[in-house]
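Asker: Got a predicted model here, sequence first, then my questions.
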Protein chains: 2
Amino acid sequence: MRFSPLIEQLIESFRVLPGVGPKTAQRMAMHLLEREREGGKRLSEVIAQAIDEVGYCQRCRTLTEAPVCALCESARRDDSLLCVVESPADQLAIEEAGGFQGRYFVLHGHLSPLDGVGPEAIGLDLLEERVGEGAIKEVVLATNPTVEGEATAHYIASQLARHGVAFSRLAYGVPMGGELEYVDGGTLSRAFNGRLPFGLE
Amino acid sequence: MRFSPLIEQLIESFRVLPGVGPKTAQRMAMHLLEREREGGKRLSEVIAQAIDEVGYCQRCRTLTEAPVCALCESARRDDSLLCVVESPADQLAIEEAGGFQGRYFVLHGHLSPLDGVGPEAIGLDLLEERVGEGAIKEVVLATNPTVEGEATAHYIASQLARHGVAFSRLAYGVPMGGELEYVDGGTLSRAFNGRLPFGLE
Ligand SMILES: [Zn+2]
Ligand SMILES: [Zn+2]
């Protein structure tokens, strides 16, 4: 015996969530059905609505249900600084660390030619258009300190070189091989302030 | 800055799941929106359908979308043995341990007078009706080895005493203060085979 077919489907469906194995998925299904039907109904509705309505900001590509996100709309940010990140979670981590007052651009990944992820897939055409507007003086290449993140930063710097902007990269404090999303705010803030000029060696 | 309002709602909604804190909820929301929209859509649909269609088996009260569950429908189970458990997860744990060939009755909790959980809330009227049918010779009181589980077992034994059935309770191998759901199959199987007569001291 296992559970009924529909309950087994529910357990299986929870496996789509990160870090959720068979036992955790079973606990989640039982919890919703036994104790949290109202909360479960709401979870179901909000997932459907978010998947339907959340897209990319037309200007910075972060996730938002609006055509343009609140940060891009804000009049209080410095248009001369643009911070390029791999994900909305990285963007949030930098915002929560505090100190950076410029704008963002979100790649949703990094270059990965073997997986077919080329420049357009990470929005580099839109990024070049943005830099071409002329307001940006410095591009902070805050991709992850991984091999792929470094390669992507180098590619972007070479692609944008002709626009005459300065490049920088997060400096000390960021552990090699780590992911920005999990760096603590203090470390991230120091790394931001200590950012170094980034050139094409 | 935080995420957009709809994404914040999505993160908050994931907190309804057991063991999911703010950081895990954020990871789940980002994962669905960035990489798993198809799986997320399916999760949303299956949650809604399960909450809508899954109810209690009319005979044993386990969770099922059918009026009567597959185990109650089965002709290959021993009608003289009835195992009373607190939850469908406990029932599954006993089934997976193997060895027990009787029927089940699911309480969905235990008596808890201070929380207003009385005999009817855990289906004891239906349980008495079931025992009153006359086929059952032994009731295995497999409630959790906790204070509440023990009290509930005693209450059921006293309530059903006049029907002249034997009572037993899982014996050695079950750790005191633990929850059946998390006991390994071998231990559970031994405890089942070593079950002891249960009397009203
Ligand atoms: Zn934006
Ligand atoms: Zn049943």
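Answerer: Received it, and whenever you're ready, just let me know what you need. Ligands and ions are numbered 1, 2, ... in the order given.
Asker: For chain A, which segments count as helices?
Answerer: Taking DSSP state H as the criterion, chain A carries its helices at A:5-14, A:22-35, A:37-53, A:70-73, A:88-97, A:124-132, A:147-160, A:185-193.
Asker: how much space between residue A:150 and ligand 2?
Answerer: According to Cβ to the ion, to the nearest Å, residue A:150 stands 59 Å off from ligand 2. Glycine gets a C-beta too; all of them are placed from N, C-alpha and C.
Asker: hang on, residue A:122 packs against residue A:109?
Answerer: Yes - the criterion here is Cβ atoms under 8 Å, and residue A:122 meets it with residue A:109 at 5.5 Å.
Asker: So what's the gap between stretch A:104-113 and the chain middle?
Answerer: Here stretch A:104-113 is found 8 Å from its chain centre; the criterion is Cα atoms, centre = their mean, to the nearest Å.
Asker: who's in contact with that stretch?
Answerer: For stretch A:104-113, the surrounding residues in contact (Cβ atoms under 8 Å, 6 or more residues apart in numbering or on different chains) are A:56-57, A:60-63, A:71, A:82-88, A:91, A:117-119, A:121-124, A:126-127, A:130, A:143-144, A:146, A:148-149, A:151-152, A:155, B:34.
Asker: Does ligand 1 have contacts with it?
Answerer: No - Stretch A:104-113 is not in contact with ligand 1 by Cβ under 5 Å from the ion; minimum separation 6.9 Å.
Asker: Tell me the buried residues in that stretch?
Answerer: Using 16 or more other Cβ atoms under 10 Å in any protein chain shown as the test for burial, stretch A:104-113 gives A:104-111.
Asker: And stretch A:135-144, by the same measure?
Answerer: Residues A:136, A:138-144 are the ones in stretch A:135-144 that count as buried (16+ other Cβ under 10 Å).
Asker: circling back: which stretch among the helices of chain A comes nearest residue B:168?
Answerer: Nearest of the helices of chain A to residue B:168, taken as Cβ to Cβ: helix A:22-35 at 25.8 Å.
Asker: Could you check the angle that closest one makes with helix A:37-53?
Answerer: 120 degrees (axes from the mean of the first three to the mean of the last three Cα atoms, to 10 degrees).
Asker: how about the buried residues of stretch A:104-113 in CSV, adding distance to residue B:99 and pLDDT?
Answerer: Listed next are the buried residues of stretch A:104-113 as CSV, based on distance: Cβ to Cβ, whole Å; pLDDT from 0 to 100:
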residue, distance to residue B:99, pLDDT
A:104, 60, 96
A:105, 61, 98
A:106, 56, 98
A:107, 56, 97
A:108, 52, 97
A:109, 51, 95
A:110, 53, 95
A:111, 57, 96
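Asker: what would those residues look like in TSV with distance to residue B:29?
Answerer: Converted to TSV, the buried residues of stretch A:104-113 look like this (distance: Cβ to Cβ, whole Å):
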residue	distance to residue B:29
A:104	18
A:105	21
A:106	15
A:107	19
A:108	15
A:109	17
A:110	21
A:111	25
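Asker: Just the closest of the residues you listed to chain B, please.
Answerer: residue A:108 (6.4 Å; Cβ to the nearest Cβ).
Asker: how close does that closest one sit to residue A:65?
Answerer: Computed as Cβ to Cβ, to the nearest Å, the residue A:108 to residue A:65 distance reads 16 Å.
Asker: Under the pLDDT cut-off, which ranges of chain A? List them.
Answerer: For chain A, residues meeting the criterion pLDDT under 70 lie at A:1, A:171-178, A:190, A:194, A:196, A:198-201.
Asker: Could you chop it up by domain?
Answerer: A:6-46, A:77-169 (automatic domain parsing).
Asker: Quick one, which of the ones you listed gets closest to residue B:41.
Answerer: domain A:6-46 (9.8 Å).
Asker: that older thread, now distance to ligand 2 too, for the buried residues of stretch A:135-144, in TSV please.
Answerer: TSV is the format used below for the buried residues of stretch A:135-144 (distance: Cβ to the ion, whole Å):
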residue	distance to ligand 2
A:136	66
A:138	67
A:139	64
A:140	61
A:141	61
A:142	56
A:143	55
A:144	52
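Asker: out of those, which touch chain B?
Answerer: Checking the buried residues of stretch A:135-144 against chain B by Cβ under 8 Å from any Cβ of the partner chain, not one of them is in range.
Asker: Now intersect those residues with the strands, please.
Answerer: Applying DSSP state E to the buried residues of stretch A:135-144, the entries found in strands are A:138-142.
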